[in-house]
Each structure stands twice: as structure tokens, then as C-alpha cells.
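For reference, the sequence and a predicted model appear below.
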Amino acid sequence: MADQSKSILDQQGLLSGACATLREGLLMVARDDALYEYTTDTRAGCTAFEGIKQGLGLLKRCLYIITDDTAPDSASSSILHIVDVRNKLVVGTFPLQGLSTVVVGPGGLATWCLGGKLYRYFEVELATQLEVLFKRSLHKLALDLATSHDADPELVAAIRQRWGDHLYAKADYDSAMSQYLETIGYLEPSYVIRRFLDAQRIHSLTRYLEELHDCGLGGADHTTLLLNCYTKLKDLKKLDRFIHRDDSSSSGTVGAEGPGSSGVTNMAVLSAAANAAKQKKPGLEADAAAPSFDMETAFKVLRSAGYAAHALSVAERAGEPDWVLDVLLEDMHSYPEAIAFIGMLNRPQQAQAIQRYGKILISKAPDDTTALIMDLCMPPMPQDPSLKNPDTAYTASVADFAHLYTDRPTRLLYLCEFILFNSSGEISNEQLLYHILLELYLAESLVDQEQEQGVNAAEVEPQARRDKARDLLQRGWQPHMQQPKYDPEHALVLCRQHNYRPGLVLLYDKKRLHREVLAVYMEAQDYDGLIAACIQYGECTICMSVCFRLDNCLVLYRQHNH
């Protein structure tokens, strides 16, 4: 000691050569009844080890202890004990006759006995030591031994696997799982999973799968299996906690729910949908950290198990509008919430959603869905500063949604009229809009599904629609226009198909096909119209050659000219 002071820790003495320093600050003293440990301040503890001690020394991480084994009236005899103090394990016991000297060297320990016999003792390989312990089912000692040797983690995991296998064979499944949990990252998960697939061991399997995901090693198959375990156990708390793991923005509770029930209020549904829409908008990052499980797998498993609200929560975290709409429309039948959610998306995403889900939306909420489509097809106001964003400036075409109105042609007519007559900017695919509207005007009848089911619904009279057809053709081909806004040939086909003479006359006249104009009047025996056309076209040779074929037309024509 630095100040050369002395402190008596124990009044008992010891034999020469019966002590050893285990590590700095710890002295081991051998007495006949036990092994005592001392620090610089006090006696630290003792280990029972009886026998008359003849010597003690340090041998690597072990102690060697020599005890007297001399029987009365017999030659001197001793026993060499090699003890692993840390693991409290007697490594070996060797009887010696007439022991003279003990020497410790780098290679092990040697003893010199009377009669000139020299014995050398050395430690066998760790694998051999472990195999001996395994045969005796001393797995705890094997683990401690490997730890004291600073064994590789792979070897430690292999020991725990054998220990787990031993406990599993004894049907001690909980203890076995405790060992298997320590092998995660080293042992193939399928090895453990196959052993616990039986329904009676589902709790242990759930525990293993949870730890697998906590370590970030859970794959899609593991996620599927874990969620199936939760649903079979009906453990909603764990299911909620798993879905919201790593999600700091969520309270972690979805609500009471089970197969066949919605489990959440409309406000909760809309809130989850709004969060998903916000995360999916360009330029916005999801607030929560990336989850440690495969979200697509979790979403599919929860839907198939009937946990719609939990599936909606996963869709919210993933920021996938299609997933949200799948749940809202197909599982929860929350049509108002679905339409409200679509309205939160950017315009291109709204168009994609309506194209995909428009049939069911129009059948359940036709007015609200049509209002969304109207907004998408109307060009944004030019003074809107947000038009710098291409998503905000996006304008859809009626042609993208016309097929959704197969059972509701009247609503399609109103939609086309609204867009055509109320748009102040350039209409997307305007030519096709004219074609659709013209065909609706000329249709013999427009019967919506509601009318077929006996529900009172407004219907435009056929004659009123046909009157609008000529105004539409006139609107789309005005004198100041270099080109019409529709395809004249297509319009002619529609007018011929529906035998719409006013449209044929207008289109032939616009195309300066006077012979065809007169032929229309003649075919309809509309002599007044025929004479009026002849007067309109003057002394046209074509008109005269056609009109003079009919005597009454000739008389009328001469009377008119006189």
C-alpha cells in the first residue's frame, strides 16, 4: 500500500502456498473448511471446499487445489483438484502418490511425484468440454463455460438452441422458447416456427414472432403468421400495438372491433383517410418512422380476417389511397367517407380513384360522385396561383368517366351539359364531349336505374332533347370558326342512325353539300323545306335538276318566281 499501513482482515492465518490472486484486488485463500475471498478492505465471501489443503494456485481461469488424501498407516497421497471458480465447477480430480512439486506453465500444469513420475495436465478444446456437458444435460454450465471463454455469438446461440431443444423434448415449451428467443439473428426462424405451429403453443409462437419483428428480422410470411396469431387469440390490444409500432403520431388504439363490425365511428374513418391522403400528396413526407413490418402483407391479412378498421390504420400509415378506398367501399361500405377522402387527394389521384371505383360510387352516391367528376372536368380558374402546380392544373376528360354511367344516361347528359355550358376555359377532349352529348340528345329514351326501380327521377322528354341537338351542332360549328369543335362525319353518322333530319340538313349545309340537303327534304317529302332550300341556294343548277323531277315542286317554283 502507498502509505505502508496494515489492516487485519482475518485473525486466521494460512499455509505457505495456499493463496492466489484471482484478479487485481481479489485474493483467494485456502483453508481446510472452505475457500475464502478477500479484497483490500474486507472478506468478500467463501466457497465450501473441505479437505486438508496442501496448496493452491492459479491456472489460467481456474484454480488448482491440492488436498491431503493420506490414509492412516499408508504412504503419502494427495488429490489435485482443478476448479472453475467463476462457474463453481470442478473441472477435474486426479489422485497423486507422493506429490513433490507442482509447476504451472503456459501449456498447463505439471506435477512431479516421488519415484520420478512426471504428469502433465492441459485443457482440452472448448468443443470437447461442451460435448461432455451436453451429454450430462448441463446446458446452463455449458453456456456459462462458453461465456467465460468469450465464445463467438454463433457458438452461444448453438448452445441455446440445444438447450431449447432439450426443454422442448421435456414439454417445457415456455422455457424452451426463452432459449430460442436468444438465438434470433443466428438460428433460422423456420426451425423454431415449425415446432410451435400447434394451436396449443400459439402463445409461445406469438412471443417469438413479436421478438423477430422487434429485431427487424420479420419478413412478409412472419408478419402474416403473427397477425393470424393475434386474430385467432382475439388480442386486440396487441394487434393495435403491433400496427402502431414505431408510429409516434398515433395513439396506438383503433377501437373495439372484430370480424363483421366496422369498429370505428365515421369521424375516425375520415380522420384515418385524411391522414393517408396527406401522406400521399407530393412533397409531403410521412411523419412516422418506417414500420418494421411489411405493410402490404399486414393490410391483406387484416382485411381477410375481417379487421377493417385495423386494415384502414395500416393503409393510413402506408399512405396508399387505393388501400383506403378498398376498405371504405368494399369492407366498411362507408360511401360518404370514401367520397370525402377522394376529395382530399390531388386532382390526378382523384381521377384515378373515380375511374377505378366509379361504378360502385355512382350506384351508391350518384350526386356526390357526379359533383366530383364535374369539378375534375372543369378547367381551374386562370387567376388561381396554385396552377403553377401541374397536379392542381390537371383537367380530366368526360370520356374517362362516360362508361361509368351505363345505367344512368340522364346523369351523364346533365354532366356533359354542365361542363360544356359552364366552362370558361379550354375543355379537355372537347370533341368527344360533343359526340357524347349529341348521342344522348338523339337517343330514343334515357332511362336511369332509379326509374327502372320505380324511383321518381327527372327525365328529359325525347323531343326536348332532339331540339337541343340542333343547337349543339350549331354551337359547335359557328360561322367564325375555321374548324368545328366536333367531327362532322361522326355527327352525320349519328344523325343518320337516329333519322334526325334537322341535324342532317345543318351539317350538309355547313359542308356545302346542297344536293344532299335537297335529298333529305325529298326523302321526307318535305316540299316546303325543299322549296325553301331551292330559294336559299338560288338558280343553282344542282337544285333545279333535282326539283324539276317533281311536277308540284316545279309549279310552286314557277309561281314563286312570277
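Structure received.

Next one: Ile159 from Ser304, what distance?
Counting by C-beta to C-beta, to the nearest Å, the separation of Ile159 from Ser304 is 40 Å. Quick note: C-beta positions are derived from backbone N, CA and C, even for glycine.

likewise Glu426?
Relative to Ser304, and taking C-beta to C-beta, Glu426 is found at 46 Å.

How about Lys510?
From Lys510 to Ser304 the distance is 60 Å (C-beta to C-beta).

where are the low-confidence patches of the chain?
1-4, 24, 199, 246-291, 381-390, 450-460, 539-562 (pLDDT under 70).

In it, which residue is most central in space?
For the chain, the residue nearest the mean C-alpha position is Met295 (1.5 Å; C-alpha atoms, centre = their mean).

so who does it touch?
Val314, Arg317, Ala318 (C-beta atoms under 8 Å, 6 or more residues apart in numbering).

Rebuild those as TSV, extending it with neighbour count and secondary structure.
Converted to TSV, the contacts of Met295 look like this (neighbours: other C-beta atoms under 10 Å; DSSP: H, G, I helix; E, B strand; the rest coil):
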residue	neighbour count	secondary structure
Val314	29	helix
Arg317	27	helix
Ala318	20	helix
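
Adding distance to Cys62, write those out as TSV.
TSV is the format used below for the contacts of Met295 (distance: C-beta to C-beta, whole Å):
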residue	distance to Cys62
Val314	56
Arg317	56
Ala318	58
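
and which of the residues you listed is nearest Pro348?
Ala318 (19.0 Å; C-beta to C-beta).

which secondary structure element contains Lys468?
helix 462-475 (DSSP states H and E).

Keeping just the C-alphas, turn that helix into CSV.
Output in CSV follows, covering the C-alpha atoms of helix 462-475 (Å, rounded to 0.1, in the frame of the first residue of the first chain):
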residue,chain,number,x,y,z
PRO,A,462,-87.3,13.0,-76.1
GLN,A,463,-88.5,15.9,-78.3
ALA,A,464,-86.8,18.4,-75.9
ARG,A,465,-83.6,16.6,-76.2
ARG,A,466,-83.8,16.4,-80.0
ASP,A,467,-84.4,20.1,-80.1
LYS,A,468,-81.2,20.6,-78.1
ALA,A,469,-79.3,18.5,-80.6
ARG,A,470,-79.5,21.1,-83.4
ASP,A,471,-78.5,23.9,-81.0
LEU,A,472,-75.5,21.8,-80.0
LEU,A,473,-74.4,21.3,-83.7
GLN,A,474,-74.9,25.0,-84.3
ARG,A,475,-72.9,25.9,-81.2
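
Sort out which residues of that helix are buried, please.
Buried residues in helix 462-475, counting neighbours by 16 or more other C-beta atoms under 10 Å, are found at Arg465, Arg466, Lys468, Ala469, Arg470, Leu472, Leu473.

How far away from the center of its chain is that helix?
Centre-to-centre, helix 462-475 and its host chain are 52 Å apart (C-alpha atoms, centre = their mean, to the nearest Å).

helices or strands up against the helix or strand that that helix is followed by?
Proceeding N to C from helix 462-475, the next assigned helix or strand is helix 488-497, under DSSP H and E. If contacts are counted by 3 or more C-beta pairs under 8 Å, 6 or more residues apart in numbering; DSSP states H and E, helix 488-497 sits against helix 430-442, helix 501-510.

other SSEs contacting the last one?
Here helix 501-510 is seen to pack against helix 462-475, helix 488-497, helix 514-523 when contacts are counted using 3+ C-beta pairs under 8 Å, 6+ apart.

related to what we said a few turns ago, between Ile159 and Ser304, which is the more surrounded one?
Counted by other C-beta atoms under 10 Å, Ile159 and Ser304 do not tie: Ile159 has more neighbours, with 24 against 14.

quick one: the more buried one is in a helix?
Yes. With DSSP: H, G, I helix; E, B strand; the rest coil as the criterion, Ile159 is assigned to a helix.

That one reaches Leu141, doesn't it?
No. Between Ile159 and Leu141 there is no contact under C-beta atoms under 8 Å: 10.2 Å.

buried set for the helix or strand encompassing Ser304?
Ser304 belongs to helix 295-305 when assigned by DSSP H and E. Within helix 295-305, the residues scored as buried using 16+ other C-beta under 10 Å are Met295, Thr297, Ala298, Phe299, Lys300, Val301, Leu302, Arg303, Ala305.

now those in TSV, with distance to Ala353?
Converted to TSV, those look like this (distance: C-beta to C-beta, whole Å):
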residue	distance to Ala353
Met295	19
Thr297	23
Ala298	22
Phe299	17
Lys300	20
Val301	24
Leu302	21
Arg303	18
Ala305	25
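
how about the closest residue to Leu404 other than its chain neighbours, phi and psi?
Spatially, and ignoring its direct neighbours in sequence, Leu404 is nearest to Gly358 (3.9 Å; C-beta to C-beta, 6 or more residues apart in numbering). Dihedral pair for Gly358: phi -60, psi -40, per degrees, to the nearest 10.

isn't Gly358 right up against Thr406?
No. When contacts are counted by C-beta under 8 Å, Gly358 is not listed as touching Thr406 (10.8 Å).

Who has more neighbours out of these two?
For Gly358 versus Thr406, the count of surrounding residues by other C-beta under 10 Å is larger for Gly358: 20 against 11.

Now do the contacts for the more buried one.
Gly358 sits in contact with Thr369, Ile373, Phe401, Leu404, where contact means C-beta under 8 Å, 6+ apart.

What of Tyr191?
Gln161.

Equivalent analysis for the one 5 residues further on, please.
The neighbourhood of Phe196, defined by C-beta under 8 Å, 6+ apart, consists of Tyr173, Met177, Ile202, Ser204, Leu205, Tyr208.

Relative to Asn87, which of those is nearest.
Met177 (25.0 Å).

The closest one against Leu209, yeah?
No. Between Met177 and Leu209 there is no contact under C-beta under 8 Å: 10.9 Å.

So for these two, which sits in the more crowded spot?
Taking neighbours as other C-beta under 10 Å, Met177 and Leu209 compare with Leu209 leading, 25 against 22.

Pull the number of nearby residues for Ala519.
Neighbours of Ala519 (other C-beta under 10 Å): 15.

quick one: it from Leu442, how far?
Ala519 is 20 Å from Leu442, by C-beta to C-beta.

quick revisit: which strands and helices sit next to the helix holding Lys468?
By 3+ C-beta pairs under 8 Å, 6+ apart, helix 462-475 packs against helix 430-442, helix 501-510.

that older thread, looking at the helices and strands packed on helix 488-497, which is buried most?
helix 430-442 (a mean of 22; mean count of other C-beta atoms under 10 Å).

what's Arg120 in contact with, if anything?
Gly107, Gly108, Leu109, Ala110.

what's whichever strand or helix holds the last one in contact with?
Same thing as Ala110. Taking DSSP H and E as the criterion, Ala110 maps to strand 108-113. For strand 108-113, the external contacting residues (C-beta under 8 Å, 6+ apart) are 59, 64, 80, 82, 96-103, 118-123.

Emit the ChimeraX select command for whichever of those residues are buried.
A single ChimeraX command selects the buried members of the contacts of strand 108-113 (16+ other C-beta under 10 Å):
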select :59,64,80,82,96,99,102,121,123
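
Leaving out the residues flanking it, which one is nearest to Gln349?
For Gln349, the spatially nearest residue (C-beta to C-beta, 6+ apart) is Pro321, at 5.9 Å.

my guess is that neighbour contacts Ile354, does it?
No. Between Pro321 and Ile354 there is no contact under C-beta under 8 Å: 11.4 Å.

Quick check: neighbours shared by those two?
Ile342.

between the helix or strand that contains Asp240 and helix 295-305, what angle do the directions make?
Using DSSP H and E, Asp240 falls within helix 236-243. Interaxial angle of helix 236-243 relative to helix 295-305 (axes from the mean of the first three to the mean of the last three C-alpha atoms, to 10 degrees): 150 degrees.

In helix 236-243, which residues are buried?
Applying 16+ other C-beta under 10 Å to helix 236-243 flags Leu236, Leu239, Asp240, Phe242, Ile243 as buried.
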